[in-house]
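> Sequence and computational prediction follow.
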Amino acid sequence: MTTVRYIADSMAEAMFAARRNHGMDVRVLRAGPRASRGRRMAFEVVVEARVTATASRRAARAALARAVMAARIAAREATGTLEAAHPGARDAGALARLAARLRAQSLPEDLVAHVIASVRGRLDAAAAEEMDAIAHAAALSALTALMPVSEPIAPRGAAATGRPLVIGVAGPTGVGKTTTLAKLASIWRIDRGLRVGIIAADAYRVGAVEQLRTYGRILGVAVHASEGPSAAAEALARMSDRDVVLVDTPGRGHRDAARIGEIAAVLRAVHVDETLLVLPGASSARALEESVDAFRPTAPTRTVLTKLDESEGLGALVGAVRRSACPAAWFTDGQEVPDDIERADAAEFARRILGRGEGTAGAA
């Protein structure tokens, strides 16, 4: 047996590195805190490495890279063919380059058509040298309008409401729920000075409860572990003096309807005011759609878009948020707590898809 050790500043980082290199089903031999490095606490995850699985993933990534390159070449060839066939259509090249960019970012085809239609009318009076810049600006406006965002519910303090604000966090396995919850706890505890509590309902994942307890000790946040609806309700009762209580739920595959129903039961038992559905940028459009549909029993109210720094197709998230009918409330793009989180901004998300410069609308 070959073992590999991963050491990081947080359990989430160590576990992410292990799963990225060995797969989501990697066998975890040991996980937990280790001797501190200086003043910073460190965590380690030891896994059983499988050489064949690693080689398969590398081959898959190489195949994906070749497919992306082939798509880009095809898009450039299509652009040239279109311009040659319709020399009188001055906007054909700019529109073709924009469409290629949107498709490369996995924006659903109906939304690509909507953006192109919105842009086409803006190009009629444009000079040839201004086509790409005007197309970029018009597409930015159209994409911004397509992305539903909403301010998250803000804790006001138990004294004002008579009970804690209860927020559940739900979603598939490995999407960053626990790290997102820790970021929110840190924002409200450190920035706002609120009394925060955490219910750790994920008793199935190795190290999940201990990870939250470590965060709790650092932040001065109460953490209670629970398993099942009645235990969660009892944990909430013990934190009635908190201003806000965050509920961490187990990750479940989108085909595991029974287990997702158990998560929904826990959230109902604590009478959540808000349920955040966590959707990762690293997932495919198909997986995102299936996750949105599978987690409807949890009655999500808003979405959190995570791992934006790992995505090569942010447009798929636009389609997923629209399918969920739950506007985006938060974006995250890294593992650092509490830094790598921000309020959802539709214009900023559109800029991530299109690029920020005048010429980037044409970059596939």
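The structure has been received and is ready for your questions. Here the structure is a predicted model, which is why all the values come from computation and not from measurement. Numbering: from 1, shown residues only.

> Return the distance of stretch 138-151 from the chain's centre.
Remark: stretch 138-151 is offset 18 Å from the chain centroid, using CA atoms, centre = their mean, to the nearest Å.

> Now do the buried residues in it.
138-144, 146-149 (16 or more other CB atoms under 10 Å). Every C-beta, even on glycine, is put in place using the N, C-alpha and C of the backbone.

> So what touches that stretch?
Residues outside stretch 138-151 that contact it (CB atoms under 8 Å, 6 or more residues apart in numbering): 98, 102, 111, 114-115, 118-119, 122-123, 302, 318, 321-322, 326-329, 343-347, 349-351, 353-354, 361.

> ok, and the closest non-adjacent residue to Arg122?
In this structure, Arg122 finds its nearest non-sequential neighbour in Ala138, 4.2 Å apart by CB to CB, 6 or more residues apart in numbering.

> likewise Pro229?
Ala269 (3.5 Å).

> In contact with the one you found, which residues?
Contacts of Ala269 by CB under 8 Å, 6+ apart are 229-230, 232-233.

> so what are the domain limits for the protein?
Domains of the chain are assigned by automatic domain parsing as 2-49, 76-148, 158-344.

> Adding distance to Ala70, write those out as JSON lines.
Compiled in JSON lines, the domains of the chain are given as follows (distance: least, CB to CB, whole Å):
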{"stretch": "domain 2-49", "distance to Ala70": "25"}
{"stretch": "domain 76-148", "distance to Ala70": "11"}
{"stretch": "domain 158-344", "distance to Ala70": "15"}
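
> which of the ones you listed is buried the deepest?
Among those, domain 158-344 has the highest mean neighbour count (mean count of other CB atoms under 10 Å), at a mean of 20.

> could you give the mean pLDDT of it?
Averaging pLDDT along domain 158-344 gives 88.

> I'd say Val209 and Ala200 touch.
Yes: using CB atoms under 8 Å, Val209 makes contact with Ala200 at a distance of 4.6 Å.

> ranges for the strands of the stretch 251-364 of the chain?
274-280, 302-306, 328-332, 341-343 (DSSP state E, counting those that start in this stretch).

> packing partners for the last one?
With contacts defined as 3 or more CB pairs under 8 Å, 6 or more residues apart in numbering; DSSP states H and E, strand 341-343 has these neighbours: helix 177-186, strand 328-332.

> Next secondary structure element downstream of the longest one?
Read that as helix 177-186. On the C-terminal side of helix 177-186, the closest following helix or strand by DSSP states H and E is strand 196-200.

> Describe which strands that following strand pairs with in its sheet and in which direction.
strand 222-225 (parallel), strand 244-248 (parallel) (DSSP bridges).

> possible to save these as TSV with distance to Ala8?
Below are those laid out as TSV (distance: least, CB to CB, whole Å):
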stretch	distance to Ala8
strand 222-225	20
strand 244-248	19
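
> Please name whichever of these is nearest to Phe16.
Of all those, it is strand 244-248 that lies closest to Phe16, at 16.4 Å by CB to CB.

> Tell me what angle the closest one forms with strand 274-280.
Angle of strand 244-248 versus strand 274-280, following axes from the mean of the first three to the mean of the last three CA atoms, to 10 degrees, is 40 degrees.

> Next, the angle from strand 244-248 to helix 177-186.
170 degrees.

> on that earlier part again, can you redo the contacts of Ala269 as CSV with distance to Asp293?
Shown next, in CSV, are the contacts of Ala269 (distance: CB to CB, whole Å):
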residue, distance to Asp293
Pro229, 23
Ser230, 28
Ala232, 25
Ala233, 28
